[in-house]
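> got a predicted model here, sequence first, then my questions.
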Amino acid sequence: MFSGYDSIASIYDNINAEIDYSKWADFIESAFNKYLDSKPELVLDLACGTGSMTFELHSRGYDMIGADSSEDMLSEAYEKAFSKGISNILFLRQDMREFELYGTVGAVCCCLDSINYLTKDGDLDKCFAHVHNYLDPDGLFIFDVNTPYKFENVYGNNQYIFEDENSYGQTTYCGWQNEYDKDSKLCNFYLSVFTEEDDGSYSRCDETQTERCYSLEELKTHLKKCGLEFIGCFGGYDFSQPKNDCERWYIIARAKK
């Protein structure tokens with residue numbers, strides 16, 4: 001299922017509060033410096049979600065486009081933009097497998113394992129082909145994926161609970177159960193979100209999400225097929241080589257035209 005995060009859009013940032021977007025953006029900028037002749041003027045944040053990376057890169061002087069398929073996630077991004085007084089970021093409701101832009105961009109970033117949500121045969125090629133189409137010649141594609149180690153040892157068939165309290169003192173509980181199939185390489189996440197209402201009662205919303213585990217060789221093959229030259233796979237923001245227990249790969253590719 002290609003999920004739009006409808007149930008958890010409002011608490012998505014809190015669920016991912018441990019993510020250091022500043023350090024992640026440092027890595028992206030370092031990649032620009034290492035692999036590009038000049039700083040890209042226009043950058044696409046593909047599957048931008050609530051726009052955290054979009055705003056971080058915007059604050060560093062990049063013209064930004066944020067694209068996401070979820071209306072709810074984009075609504076959160078718009079609210080952030082309004083609160084920050086930012087009006088010059090273009091947010092588009094676009095599917096990462098068939099997005100359309102008004103022209104090419106110097107770089108595309110795709111963060112927080114969004115690529116793993118491409119679960120059907122052909123999805124990866126559709127996404128990578130569109131990225132190649134809208135990148136300037138030699139433009140960079142920077143993305144991350146959850147690793148096979150994470151699917152097998154962290155997600156597995158485990159269960160998790162998250163609790164959040166908003167500024168009005170209302171509580172939201174999010175519980176999810178994982179179900180990973182080693183044969184299909186698909187991991188289902190069954191989420192139940194309980195949100196406290198004004199009268200103290202709780203509303204419940206259920207959602208199922210699915211991610212697909214990709215090997216590094218699969219990713220390399222599909223990148224090459226779509227005209228993207230594989231540059232490197234890294235285990236951290238310091239461009240270190242990934243270890244066997246690495247939970248996230250950071251991958252950089254270049255558009256060859």
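Received, thanks. Everything quoted here is computed from the prediction, not taken from an experiment.
> and Ser7, what pLDDT?
Note for Ser7: predicted pLDDT of 64.
> for Ser52, same thing?
Reading off the confidence values, Ser52 has pLDDT 96.
> what sits against the nearest residue to it once chain neighbours are set aside?
Excluding the flanking residues, the one nearest Ser52 by CB to CB, 6 or more residues apart in numbering is Tyr21, at 5.1 Å. Every C-beta, even on glycine, is put in place using the N, C-alpha and C of the backbone. Taking CB atoms under 8 Å, 6 or more residues apart in numbering, we find Tyr21 in contact with Ser52, Met53, Glu56.
> what's the distance between Tyr21 and Thr50?
11 Å (CB to CB, to the nearest Å).
> can you confirm Arg204 is in a strand?
Yes: counting by DSSP: H, G, I helix; E, B strand; the rest coil, Arg204 is part of a strand.
> was I right to think it contacts Glu196?
No: using CB atoms under 8 Å, Arg204 makes no contact with Glu196, being 11.2 Å away.
> more crowded one of those two?
Shown here are Arg204 and Glu196; by other CB atoms under 10 Å, Glu196 has more neighbours (17 against 10).
> quick one, phi/psi of Met53?
Main-chain dihedrals, Met53, degrees, to the nearest 10: phi -70, psi -30.
> all helices of the chain, in order?
For the chain, the helices defined by DSSP state H cover 12-15, 21-35, 52-58, 71-84, 123-134, 148-150, 216-225.
> just put the ones you listed in JSON lines and tack on distance to Glu165.
As requested, those are exported to JSON lines (distance: least, CB to CB, whole Å):
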{"stretch": "helix 12-15", "distance to Glu165": "9"}
{"stretch": "helix 21-35", "distance to Glu165": "22"}
{"stretch": "helix 52-58", "distance to Glu165": "20"}
{"stretch": "helix 71-84", "distance to Glu165": "17"}
{"stretch": "helix 123-134", "distance to Glu165": "36"}
{"stretch": "helix 148-150", "distance to Glu165": "28"}
{"stretch": "helix 216-225", "distance to Glu165": "39"}
